[in-house]
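**Q** How does the following fold in three dimensions:
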Amino acid sequence: MREEHLAREVEMMAQKVAKVGVKKGKGFLYFVDKQGDVSRAPMVRGGQKKGKPEKVAKAGVKKEGGYLYFIDKDGDISRAKMARGR
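**A** Residues are numbered from 1 along each chain as shown. Modelled structure (predicted):
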């Protein structure tokens, strides 16, 4: 329950960077890769071998420092300003 509240809070502070519309499948972790595209990797449990990531959608987003890039609930790429360390 607390995780859902935090996720909603982050999305309220986030800005949409690219509309991609990725449909998320169960058992996969979705992320913005080094090229600024959307990739996914199978989630693994202890003792399992790591799966190879696969590209799901091309977006070509140029990442700026100081931001956390993520796939939002709509399947689009969003970013949120990272808090500075104390």
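**Q** Tell me where the chain has strands.
**A** With DSSP state E as the criterion, the chain has strands at 15-18, 28-32, 38-42, 54-57, 67-71, 77-81.
**Q** buried residues in the first one?
**A** Within strand 15-18, the residues that qualify as buried are 17-18, counting by 16 or more other C-beta atoms under 10 Å. C-betas here are computed from N, CA, C, even on glycine.
**Q** quick check: mean pLDDT across that strand?
**A** Strand 15-18 shows a mean pLDDT of 93.
**Q** what helices or strands is that strand leaning on?
**A** Counting contacts by 3 or more C-beta pairs under 8 Å, 6 or more residues apart in numbering; DSSP states H and E, strand 15-18 packs against strand 77-81.
**Q** 10 Å instead, please
**A** Here strand 15-18 touches strand 67-71, strand 77-81, going by 3 or more C-beta pairs under 10 Å, 6 or more residues apart in numbering; DSSP states H and E.
**Q** neighbouring strands for the last one, and are they parallel or not?
**A** Strand 77-81 has its sheet partners listed here by DSSP bridges as strand 15-18 (antiparallel), strand 67-71 (antiparallel).
**Q** Can you give me the buried ones in that strand?
**A** For strand 77-81, the buried set under the neighbour-count rule, 16+ other C-beta under 10 Å, comprises 77-80.
**Q** distance of the most centrally placed residue in the chain from Phe28?
**A** Computing the C-alpha centroid of the chain and ranking residues by C-alpha atoms, centre = their mean puts Phe70 first, at 2.7 Å. Per C-beta to C-beta, to the nearest Å, Phe70 is found 14 Å from Phe28.
**Q** got it, and Lys55?
**A** 13 Å.
**Q** before we move on, what about Leu68?
**A** Distance of Leu68 to Phe28, given as C-beta to C-beta: 19 Å.
**Q** And Met13, by the same measure?
**A** Relative to Phe28, Met13 is positioned 25 Å away (C-beta to C-beta).
**Q** Have a look at these two and say which one is more surrounded.
**A** Taking other C-beta atoms under 10 Å, Met13 and Phe28 do not tie; Phe28 has more neighbours (16 against 10).
**Q** if you skip the residues just before and after it, what's nearest to that one?
**A** Once flanking residues are discounted, Phe28 sits nearest to Arg40: 4.3 Å by C-beta to C-beta, 6 or more residues apart in numbering.
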